[in-house]
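K.L.:
pasting the structure only:
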């Protein structure tokens, strides 16, 4: 048994209450554990960067409870995004869309004007986001990269979270092991005829292309090292 002072809980109520207070919570997704904070509080989001040692120029993905929450975060959803969401949500696909001003804390965006939205195929993650929204009185979203020190392998078990992040500074929502594997695919929907893949992950480009068809241009992005990708990263 690992020695720890981190609160470890199996209660969604306790974990959601911690998020609502602006605290960090490590929680499971269908890929790995994420380290989350309510996406509308700058102090909470900044705590993610400090806890992970994450560079501030790396934007964060926002995890939702329901596809209907998208309209809270953006007022522009191209047809390409709608089609991909219908095909792959809930699941390991993140859609980068123009952000609605004031919808999330500035650090979530890392200086950009788009937000990456994800609807996990993991009941615990969605229920946690839903309970947080109920406490906040509106969809808030959980800003979350993987729950590991920046650059380290992402954790698929509660023990791996504790071993990587240490024994203080967050609450661990223990729902057992995650499947692990590759992270979500991150795509930017620039309009009704263009999609840029910032990170090819669990949903391969071939499956995206099959849904979008030949009328849509699908490009694999390779941003220069001097410019961070508009995606969540680790």
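P.N.:
Now that the structure is in, tell me what you want to look at. This is a predicted model, so every value here is computed, not measured.

K.L.:
CA atoms for contacts and neighbours, from now on please.
P.N.:
Fine.

K.L.:
okay, and the beta partners of the most centrally placed residue in the chain?
P.N.:
The C-alpha lying nearest the average C-alpha coordinate of the chain belongs to residue 61 (CA atoms, centre = their mean; 3.4 Å). Applying DSSP bridges to residue 61 gives these bridge partners: residue 116.

K.L.:
now do the helices in the protein.
P.N.:
With DSSP state H as the definition, the chain shows helices at residue ranges 12-20, 42-52, 70-73, 79-88, 106-109, 123-136, 158-165, 205-212.

K.L.:
what's the most buried one of those?
P.N.:
Each of the helices of the chain was assessed for mean neighbour count using mean count of other CA atoms under 10 Å. The highest is helix 106-109, with a mean of 23.

K.L.:
distance between it and the chain's centre?
P.N.:
Distance, stretch centre to chain centre, for helix 106-109: 13 Å (CA atoms, centre = their mean, to the nearest Å).

K.L.:
now do that helix: which elements does it pack against?
P.N.:
Here helix 106-109 touches helix 42-52, going by 3 or more CA pairs under 8 Å, 6 or more residues apart in numbering; DSSP states H and E.

K.L.:
ok, residue 165 touching residue 150?
P.N.:
No - counting by CA atoms under 8 Å, residue 165 stays clear of residue 150, with 10.0 Å between them.

K.L.:
okay, and the common contacts of the two?
P.N.:
By the contact definition CA atoms under 8 Å, 6 or more residues apart in numbering, residue 165 and residue 150 are jointly contacted by residue 52.

K.L.:
any stretches of this protein with poor pLDDT?
P.N.:
Along the chain, the model assigns pLDDT under 70 to residues 1-4, 222-234.

K.L.:
same thing but at 50, please
P.N.:
Judged against pLDDT under 50, the low-scoring parts of the chain cover residues 1-3, 224-229.

K.L.:
that older thread, if I read this right, the residue nearest to the centre of the chain contacts residue 120, doesn't it?
P.N.:
No - taking CA under 8 Å as the contact criterion, residue 61 and residue 120 are not neighbours in contact, 11.2 Å apart.

K.L.:
picking that back up, tell me how far the residue nearest to the centre of the chain lies from residue 137.
P.N.:
21 Å (CA to CA, to the nearest Å).

K.L.:
likewise for residue 51?
P.N.:
Using CA to CA, one obtains 27 Å as the distance from residue 51 to residue 137.
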